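Asks: sequence and predicted model, in that order:
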Amino acid sequence: MRAVVSFEAQPTPSSAAVRRYQNLLAVTEAVISHRELPDLFRAFAAELRRVADFDYIAVLLHDPARGVMRLHLQDSAGPSPVEPGWEIPVEESAGGWVWRTQQPLVVHDLGEEARFPAATSLLRESGVNSYYVFPLTSAGRRLGALGFGCKAARACGDDDLEFLRLAAKQVGLAVDNALNFQSAQEAKEQLARERDRLRLLLEVNNAVVTSLDLNEVFASVSEHLRRVMRHDYASLSLYDEARGELEMRALDFAEGRGLVREGMRVKLKDTPTGLAVERRAPVLLGREDIERYGTEYAGWVLAEGISSACIVPLVSHERVLGTLAVANLRGDAYTPEDAGFLGRVGTQIAIAVENALSYREVESLKNKLSTEKVYLEEVINSEYDFEEIIGHSAALRRILREVETVAPTDSVVLITGETGTGKELIARAIHDLSGRRERTMVKVNCAAIPTGLLESELFGHERGAFTGAVAQRIGRFEVAHLGSLFLDEVGDIPLELQAKLLRVLQEQEFERLGSSRTVRVDVRVIAATHRDLDEEVRQGRFRADLFYRLNVFPVEVPPLRERAEDIPLLVGYFAQKYARRLKKRIEAIPSEALDALSRYPWPGNIRELQNLVERAVILARGTELRIPLAELKPAPSASAAGNGRAPSAARLVTMEEMERDYIREVLRHTGGVVGGRGGAAEILGLPVSTLRSRMKKLGLK
C-alpha cells in the first residue's frame, strides 16, 4: 500500500499584520538602543508614528517620593496646555489609574468618560476625542503609563490596541533599563562627588598640619574647594569676641570690585556672616536675605554681585574662632548637602585657625621674652661689665690672673671678700671669659629672698605645690641651663636647703617643688659670700660637704684699703661716669682730696667710694669736683698724722692727667693692644682712630 500523505492548508498572516510586527520589531530596536530617557522617548515616538495613526502621545512616570504622576514625554500634533515636567495627583489622572490597577484604559469617546475631569479637560484643549492608556511595567515593577490620543472618536480597532499594548510592554522594558542606568549613573556620580570631597578633606588636613600660616592654608583650601563646590568668592574671617567684630583675614575673589576686601572689620550684627556665629551652625543665604540687612556692608556685598552664599562657623573647644564662607554670582547655588560638607571643611580649618592663633601668641611671648632677655643682658653688661674692674695694683692683678686661669674650666668657683669689693664683677668676668659666655649668667641673691621662697626660686615649683602656687614656675637653675648661675651670699642659704643644693652641684639634677620628675641641667655655679665659711662650718650653720664642694677654686677679692694705688683711677672713672649721666662737666679733682681718699680705710670698699663720688658729682657747682671729705670717718687729717706723712701741697689734678693714667692702665691691661677684640678701644668704647688721636695728644705710645 502506498501511503498517502496529505498536508492541511495553514493560514497565512496578512501583509498588514506582518508589517505591524516588523514595525514593532523596529520600535523595539529603537528603544533598546537608547539609555537616556529623553532620547528613548523621542526615538519611540518617531517609530510609532510610522505604524499608528494618532495625534497625541504622552508618557507619565510615577514619582514615589511625591506621590504624583509626572509627564516625561509629550508629542502632540498641535498646541498643548501642558509641558514635560507637569505633575498631577495619582487619583486625578487616567495614567494614575492605569499605574495603580495595571489595566489598560480605553476611551473611544471622551464625552463618555467623567472619572478624571482635570485630565479630560486638558485633553479636550488639545483636541483629543478618544484616548487609550497602557501600563508601563517591567519584571513586576510598576513604572507609569503610556497614553495615545486621537482627534477622531473610536480611532483604534482591536488590532491597533493589541499592537499598542505590545509596544507599551517593549517601552516598559526600555524605560526600566533606562531608569536603572540613570540610577547607576547617579550613584556613580554621587560616589565620585563623595570621593572628591573626601580627597579634599584629606588635602585640607595636609594643609592644616603642614603650615601655620593662615593665608597659605586658606589659599590651598580655596583652590581645592573650587573643584567640588563651585564658587566665585571665598573668605576666612576671624571673630573678635571682645569687640563683637569679624575681621576679613583672607579673601579669594577674582571678580571682585574691591568693595569687600581683606583687613575689613565689620560688626557682627551688620553682616549676614554673623548669623553663622550667632547660630553656631551653617547658613544658606540668598540675595533677598542679604537685602534684608540694609547695612552698608550688606550693600557692598550686593554691589559685588553676590546672589547666594554658604557660611559655616569655625568652632573649636566650644569657642567660635571665625567663619568660612563661599558665595556665587548666581542664585540658589548651594544646597543643604553643600552646607554639611562645607561644615566638615570648616571643622578642619578651625584647627588651623586655633593652631595659628596659638602659634602667634607663643611667638609674641617668645619675642617679648627674647627682647626682655636682650634688654636685661644689656643692662647687666652696662652696669657690671669686665671693663669696670679698674686698677693696676698687684693685688688686683693677682685676682685677674686667677680669673683667667679658672674661667675656661667649668669648675665651681667660690668668691670671698668683704661687702662692696666687687665680687659680682669678678663672677661676671669669669663667665665672660668662659665657653658659656654666649649664654645667660643668672644671678640669685640668697640673702634677699625669704627662706620659704628660696627653694622655689632656685628649683621652681609645680602648680598647687603650696598655697599661692597658682601656676607652674621654672627655677633659676633651669633658666641658667648651659650658662652660669651666680649664687650671691651663698652663706645665707638655710641648712634644710643646703642638701638639695649639694645634690645639684654633684649630680646636676633636682626635682621641682611638688613634682617627682627629675630635671637635669648643665649649669656652672659661681658662688660668693662675705662670711667666713670655715667658721660657719665650725658653728654648725653650714654643711661641711657643701663647703668643700663650693670651695673647689677659691678667689679672695682684696678690700679697697689693700689696693690704695687704684683709688685715683676709680675716682676718675666714677666721676666721669656720673658726670655723663647727670650731664655735667668735671675737669679737675683737688689732689688733697685724692690723697685723703687714698688714706681712708674704706670699710664699705668700692661701693662706699662709688656712692661718695656720685654724691660729689651731684653737689658739684662748677667743673671742679669737690668731695665732701668731712663725711669720711676717721678724719683724713688724723690718719695722715698717724701715718707720719706731711700733707701734700694743695693742687688740682686735671682730668687730662687722670685720663692719661686711665688710658695707660687700660693699655697695660691689654698688653698694648689698641684695636681688635679685647683691645683698649673696645674697652674704652671709642673708635680706634679716636683713641690713637687721644693717645698722641696725651703723649702715650
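Replies: Nice, I can see it. Quantities reported herein were computed from a predicted structural model and do not represent experimental measurements.
Asks: the helices in the stretch 451-600 of the chain, which residues?
Replies: 451-459, 476-479, 495-507, 533-538, 544-550, 567-581, 591-599 (DSSP state H, counting those that start in this stretch).
Asks: so which of the ones you listed gets nearest Ile606?
Replies: With Cβ to Cβ as the measure, helix 567-581 is the member of those nearest Ile606 (6.7 Å). For glycine as for every other residue, the C-beta is placed from the backbone atoms N, C-alpha and C.
Asks: packing partners of that closest one?
Replies: strand 588-590, helix 591-599, helix 605-619, helix 655-669 (3 or more Cβ pairs under 8 Å, 6 or more residues apart in numbering; DSSP states H and E).
Asks: give me the angle between the second one and helix 567-581.
Replies: In other words, helix 591-599. Orientation of helix 591-599 against helix 567-581 (axes from the mean of the first three to the mean of the last three Cα atoms, to 10 degrees) gives an angle of 120 degrees.
Asks: got phi/psi on the residue nearest to Gly346 when sequence neighbours are not counted?
Replies: In this structure, Gly346 finds its nearest non-sequential neighbour in Val312, 4.0 Å apart by Cβ to Cβ, 6 or more residues apart in numbering. When read as degrees, to the nearest 10, the backbone of Val312 gives phi -130, psi 150.
Asks: what's opposite Val312 in the beta bridge?
Replies: Beta-bridge partners of Val312, counted by DSSP bridges, are Leu324.
Asks: quick one on the thing from earlier: just put the helices of the stretch 451-600 of the chain in CSV and tack on mean neighbour count, mean pLDDT and distance to Ser126.
Replies: Below are those laid out as CSV (neighbours: other Cβ atoms under 10 Å; pLDDT from 0 to 100; distance: least, Cβ to Cβ, whole Å):
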stretch, mean neighbour count, mean pLDDT, distance to Ser126
helix 451-459, 18, 85, 97
helix 476-479, 19, 86, 93
helix 495-507, 15, 91, 103
helix 533-538, 15, 91, 119
helix 544-550, 17, 92, 113
helix 567-581, 19, 86, 108
helix 591-599, 19, 84, 127
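Asks: number of residues surrounding the residue nearest to Gly346?
Replies: 25 (other Cβ atoms under 10 Å).
Asks: go on, Leu342?
Replies: Per other Cβ under 10 Å, the neighbour tally for Leu342 reads 24.
Asks: before we move on, back to that, out of the helices of the stretch 451-600 of the chain, nearest to Leu342?
Replies: Nearest of the helices of the stretch 451-600 of the chain to Leu342, taken as Cβ to Cβ: helix 476-479 at 46.3 Å.
Asks: distance between that closest one and the chain's centre?
Replies: Remark: helix 476-479 is offset 29 Å from the chain centroid, using Cα atoms, centre = their mean, to the nearest Å.
Asks: re earlier: among the helices of the stretch 451-600 of the chain, which comes closest to Met229?
Replies: The closest of the helices of the stretch 451-600 of the chain to Met229 is helix 476-479. By Cβ to Cβ, the value is 50.4 Å.
Asks: same for that closest one, what does it pack against?
Replies: Judged by 3+ Cβ pairs under 8 Å, 6+ apart, helix 476-479 is in contact with strand 441-445, helix 451-459.
Asks: would you turn those into a markdown table with distance to Ser121?
Replies: Formatted as a markdown table, these follow (distance: least, Cβ to Cβ, whole Å):
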| stretch | distance to Ser121 |
| --- | --- |
| strand 441-445 | 99 |
| helix 451-459 | 95 |
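Asks: among those, which comes closest to Asn180?
Replies: Within the helices and strands packed on helix 476-479, the stretch nearest Asn180 is helix 451-459; the backing value is 76.9 Å (Cβ to Cβ).
Asks: which other helices and strands contact that closest one?
Replies: In terms of contacts (3+ Cβ pairs under 8 Å, 6+ apart), helix 451-459 is packed against helix 476-479, helix 495-507.
Asks: got the contact list for the first one?
Replies: The one in question is helix 476-479. If you take Cβ atoms under 8 Å, 6 or more residues apart in numbering as the criterion, helix 476-479 is touched by 440, 442, 444, 457-460, 485, 504, 510, 519, 521, 523.
Asks: check these and tell me the two furthest apart.
Replies: Longest distance between any two of those is 18.6 Å, between Thr440 and Phe510; criterion Cβ to Cβ.
Asks: which of the two has more neighbours?
Replies: More neighbours surround Phe510 than the other of Thr440 and Phe510, with 21 against 18 (other Cβ under 10 Å).
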